[in-house]
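K.L.:
This is a predicted model, with the sequence first.
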Amino acid sequence: MPDNAAPTARDRILDAAASTMRDRGLSRATTKEIAAVAGYSEAMIYKLFDDKVDLFLSVLRERVPVVDILTRTDRTPGASSTLEGRLVATIEQITAFYRQTFAIGASLFSDAELLERHRAAVMAHGAGPALLPAAVARFLQNEQHTGTIVAGAPINGAASAIAGACYLRAFLEQFYGPEHPQEPMAEFTASVIATVLPALIAA
């Protein structure tokens, strides 16, 4: 969409959904409230999206920071020419993604029945939180195929370590808030790489 083009109804609803879900959490953000924030009737949401889960997944795809390894088939997240540079870009992107989405999904865990319904609906859409660590593993496997990562390297363990560290970082940022700053991002990224890289490149 050109920069000077007026936002479409879909754009306005996605913007409203993203802000409302971040402020109130997914469980408390109703389609009626989202529609009101966007300036449309609730029926408009269901004209453009299959259901609330489809709206939620569209927010994840279109209104949160991009993670290259989820959308690109090549091996150049961040367009770096080195494995370490690509790992830096990947860690930064995943942390930014979790930072934006943690508040949206956390409220689901306060209601077991709601969580079960959401889990079933998300899986029916072929989505879910396991997609991101799986994408990290695919990225590392692609690197292995080109020789930048040695054969026999612990791909799944490294992928879990990377995704898990990024998630923990985002959780701590959300829990403590901006008045309790975390380790600088560059130092965090360097620490994660120092942990996983030796196992990926060791002979």
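P.N.:
Looks like it arrived, so ask away. Residues are numbered from 1 along each chain as shown.

K.L.:
C-alpha from now on. contacts and neighbour counts both.
P.N.:
Noted.

K.L.:
Phi first, then psi, for residue 149.
P.N.:
Summarising the backbone geometry of residue 149 under the convention degrees, to the nearest 10, its torsions are phi -120, psi 140.

K.L.:
how many other residues sit next to it?
P.N.:
Residue 149: 23 surrounding residues under other Cα atoms under 10 Å.

K.L.:
Over to the one 10 residues further on?
P.N.:
Residue 159 has 21 neighbours, counted by other Cα under 10 Å.

K.L.:
And it, how far from residue 134?
P.N.:
To residue 134, residue 159 is 7 Å away according to Cα to Cα, to the nearest Å.

K.L.:
now do residue 56
P.N.:
In terms of Cα to Cα, residue 56 sits 20 Å off from residue 134.

K.L.:
more crowded one of the two?
P.N.:
Ranked by neighbour count (other Cα under 10 Å), residue 56 and residue 134 place residue 56 first, with 21 against 17.

K.L.:
Go through the host helix or strand of the more buried one and flag the buried ones.
P.N.:
Counting by DSSP states H and E, the element that carries residue 56 is helix 52-62. Of the residues in helix 52-62, 52, 53, 54, 55, 56, 58, 59, 60 count as buried by neighbour count, 16 or more other Cα atoms under 10 Å.
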